[in-house]
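Q: For reference, the sequence and a predicted model appear below.
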Amino acid sequence: MLASFLIVLSFISAIPIPQRFIPLWDSHSLRWFCPMLPVAGILFSFLWFTLWRILSLFITLSPILRGFFMTLFTLWLTGGLHLDGLMDTCDAIFSHRDRQTRLEILSDTHAGSFAVIGCVIIILAKTLLFSELLSLPPTPYPLIPIPIYSRLGMAFLLNTLPFAKSGGLAVMLGSSRNSKHNVFLAALMLLLCAFSPKSITVSFVFCLLFWRWECLRIFGGITGDLLGAFVEGSEVIMLLWHVISERM
């Protein structure tokens, strides 16, 4: 479990980990990869919360500027990995081509116009939504479940969906997936539901079901890029839904 956790951190985050502590990627060390994704999300949640508390002290700065710092931090924390997946996914989906061509676009290292548009929209959306929350009475607790939920959804998708391609990152990371891990993931979700605002929980379930359906309909399964797109997209939807519920 520790080996899988270290691999998860070294892969989905920019948190510096000495190379000597990172295990070799094999079936044994990747055995608990899926369950460790939301566990890593707990660490991300703590870091989000810490920065949020610090930014809340700088009341002389505008909410938009503090929201921008919060967005920059979330991008640094992931090393832009999930944003890259979102960009490739935007190019693939909005190409309106057949399934095989879309899968080839996912593997293309070049960024098209839809990738740039998707990147700009996500960065703007996160900045404005963080700003909205910072302008509300100081209560950062709704932010705590969001990075956990997004990695929990990533784990569910990787552990349950077929692979869209015969090779690739998702196949390597999901090589040791186990249906029994869904029990752990479901238990963690129930625990989160008990302590999370209803708006965030409902929006997470919506994002998970919708993206699962879209992955199967458009791509025939899951890829690494589609997992990254889910993380970025679901976090924005959860933030948006919570802001709307607070403003109503």
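A: Now that the structure is in, tell me what you want to look at.
Q: Report all helices and strands that the host helix or strand of A40 contacts.
A: A40 belongs to helix 33-57 when assigned by DSSP states H and E. In this structure, helix 33-57 makes packing contacts with helix 2-12, helix 63-78, helix 145-160, helix 181-195, judged by 3 or more CB pairs under 8 Å, 6 or more residues apart in numbering; DSSP states H and E. For every residue, glycine as well, the C-beta is placed using N, CA and C.
Q: Please identify the most buried of these.
A: Mean neighbours per residue, mean count of other CB atoms under 10 Å, is largest over the helices and strands packed on helix 33-57 for helix 145-160, with a mean of 24.
Q: picking up where we left off before, in the helix holding A40, what counts as buried?
A: Buried residues in helix 33-57, counted by 16 or more other CB atoms under 10 Å: 33-41, 43-45, 48, 51-52, 55.
Q: repeat for stretch 156-173
A: For stretch 156-173, by 16+ other CB under 10 Å, it's 156-161, 163-165, 168, 170-171, 173.
Q: State the distance from L227 to F11.
A: L227 is 11 Å from F11, where distance means CB to CB, to the nearest Å.
Q: ok, now I54?
A: Taken as CB to CB, the span from I54 to F11 is 27 Å.
Q: Name the nearest of the buried residues of stretch 156-173 relative to I200.
A: F156 (16.3 Å; CB to CB).
Q: Contacts only, for the closest one.
A: F156 sits next to N182, L185, L208, R212 when contact means CB atoms under 8 Å, 6 or more residues apart in numbering.
Q: Need those residues in JSON lines (columns: distance to A92 and pLDDT).
A: As requested, the contacts of F156 are arranged in JSON lines below (distance: CB to CB, whole Å; pLDDT from 0 to 100):
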{"residue": "N182", "distance to A92": "27", "pLDDT": "90"}
{"residue": "L185", "distance to A92": "27", "pLDDT": "92"}
{"residue": "L208", "distance to A92": "20", "pLDDT": "96"}
{"residue": "R212", "distance to A92": "17", "pLDDT": "96"}
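Q: sorry, back to before: and of the helices and strands packed on helix 33-57, who's closest to V120?
A: helix 63-78 (12.1 Å).
Q: Counting by contacts, list what the worst-scoring helix or strand of the chain on mean pLDDT packs against.
A: Least confident helix or strand of the chain, by mean pLDDT, DSSP states H and E, is helix 169-173 with a mean of 76. Packing contacts for helix 169-173, counted by 3+ CB pairs under 8 Å, 6+ apart, involve helix 224-247.
Q: dump the residue contacts of V39.
A: For V39, the contacting residues are F5, V8, by CB under 8 Å, 6+ apart.
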